[in-house]
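**Q** Sharing a model prediction with you, sequence too.
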Amino acid sequence: MPIFHAIVLGITQGLTEFLPVSSSGHLEIIPWLFNWNEFVGDTRAENTFDVALHFGTLIGSTACLWRDVRSYSGAGLSALVGRRPWDTQARIGWFLMLSAVPAALVAVVFEAFLLRQSDRIGLIAVGLAVFGVLLWMVDRHARDERSSTELSAAHSLVMGVGQCLALFPGVSRSGVVITAARRLGYGRPHAARLAFLMGLPIIAGAALFRMTGVLTDGLPSGMWNALVAGTVTSALTGWFAVRVMLRWTQSRSYAGFAVYRVALAFLLIMVLVVR
């Protein structure tokens with residue numbers, strides 16, 4: 001795999017995992033547009049590179065959100081062993097973990113079906129457009145009534161069920177969580193923070209799930225440079241994307257991302273027609 005391709009895909013993963021534009025969709029779109037065929041018929045290499053990208057993204061996003069991660073995880077574990085009361089921080093720590101359960105179960109049960117949908121460009125275009133418009137509509141009319149510290153078990157499950165939809169390419173995990181959070185009355189920066197924090201167990205779980213196959217089959221030869229390049233670039237851009245989004249949402253809406261999604265969907269349909 002050329003280093004340039006690994007860097008481009010690493011940047012793509014790091015940015016689009018947290019911007020509400022669909023990382024899985026973009027990771028299919030870019031090789032499809034430019035006819036990059038490194039992984040055709042080589043599931044082993046594809047899984048290995050996917051693990052590297054997710055691992056890099058996990059490192060970058062955790063570093064950016066470290067204060068929240070340390071606070072919520074520490075409080076949750078301490079409360080579990082009886083070293084502190086079940087206060088707001090402890091409950092939120094476990095609510096964030098709870099949000100990952102629905103998508104994890106669906107991903108395991110329907111893995112074969114979901115993999116067959118992953119490279120359907122038409123489906124990706126539909127997901128980008130439909131959920132982009134939905135994000136814009138909900139964000140436009142939502143009330144800023146709640147903060148991330150008011151997360152409840154019921155709300156975490158609603159957002160967790162929303163993450164199941166993001167298993168289809170083009171939907172966007174962060175986008176659907178932000179949409180659900182805005183509909184529930186969370187302010188824009190709080191909705192983004194919840195989406196990013198809920199993404200950490202999902203990203204870690206996806207990496208570990210794919211890692212089992214990598215450990216069983218062994219690392220493909222000749223991929224070390226590409227794996228390092230993909231991991232480093234996804235980590236750096238993941239950190240950057242989280243930082244920028246948390247600042248962006250302090251004063252701006254999600255409308256720009258909705259416009260981008262619809263425009264990209266239109267471009268994909270045009271390319272499909274021409275090809």
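**A** In hand now; what should we look at?

**Q** what helix or strand is the residue lying closest to residue 33 once chain neighbours are set aside on?
**A** In space, residue 33 comes closest to residue 271 once its chain neighbours are excluded; the distance is 7.0 Å by C-beta to C-beta, 6 or more residues apart in numbering. C-betas here are computed from N, CA, C, even on glycine. Assigned by DSSP states H and E, residue 271 belongs to helix 255-274.

**Q** so where's the stretch 151-275 of the chain shaky on pLDDT?
**A** The stretch 151-275 of the chain contains residues with pLDDT under 70 at 213-221.

**Q** Report all helices and strands that the longest helix along the chain contacts.
**A** Criterion DSSP state H: the longest helix present in the chain is helix 188-217. Applying 3 or more C-beta pairs under 8 Å, 6 or more residues apart in numbering; DSSP states H and E, one finds that helix 188-217 contacts helix 43-64, helix 66-80, helix 88-98, helix 101-109, helix 153-165, helix 173-183, helix 224-248.

**Q** wait, doesn't residue 139 sit right on residue 182?
**A** Yes. Residue 139 is in contact with residue 182 according to C-beta atoms under 8 Å; the separation is 5.1 Å.

**Q** The closest residue to residue 58 other than its chain neighbours - how many residues pack around it?
**A** In space, residue 58 comes closest to residue 203 once its chain neighbours are excluded; the distance is 4.9 Å by C-beta to C-beta, 6+ apart. Using other C-beta atoms under 10 Å, residue 203 is surrounded by 25 other residues.

**Q** Then the one 3 residues further on?
**A** The burial metric for residue 206, expressed as a neighbour count using other C-beta under 10 Å, is 20.

**Q** Could you do residue 59 as well?
**A** 18.

**Q** Ok, residue 140 next?
**A** 12.

**Q** Likewise for residue 246?
**A** When neighbours are counted by other C-beta under 10 Å, residue 246 comes out with 16.

**Q** Which one, of the helices and strands packed on helix 188-217, ends up nearest to residue 135?
**A** helix 173-183 (4.9 Å; C-beta to C-beta).

**Q** ok, now which ones touch residue 84?
**A** Going by C-beta atoms under 8 Å, 6 or more residues apart in numbering, residue 84 touches 75, 78, 90.

**Q** do that again at 6 Å, thanks
**A** Residue 84 is in contact with residue 78, counting by C-beta atoms under 6 Å, 6 or more residues apart in numbering.

**Q** pLDDT at it, what is it?
**A** In this model, residue 84 is scored at 88, pLDDT.

**Q** next one: phi and psi at it?
**A** Main-chain dihedrals, residue 84, degrees, to the nearest 10: phi -160, psi 160.

**Q** The residue nearest to residue 58 touches residue 53, doesn't it?
**A** No. Taking contacts as C-beta atoms under 6 Å, residue 203 lies outside contact range of residue 53: 9.7 Å.

**Q** So which of residue 139 and residue 182 has more stuff around it?
**A** Using other C-beta under 10 Å, the more surrounded residue of residue 139 and residue 182 is residue 182, with 25 against 21.
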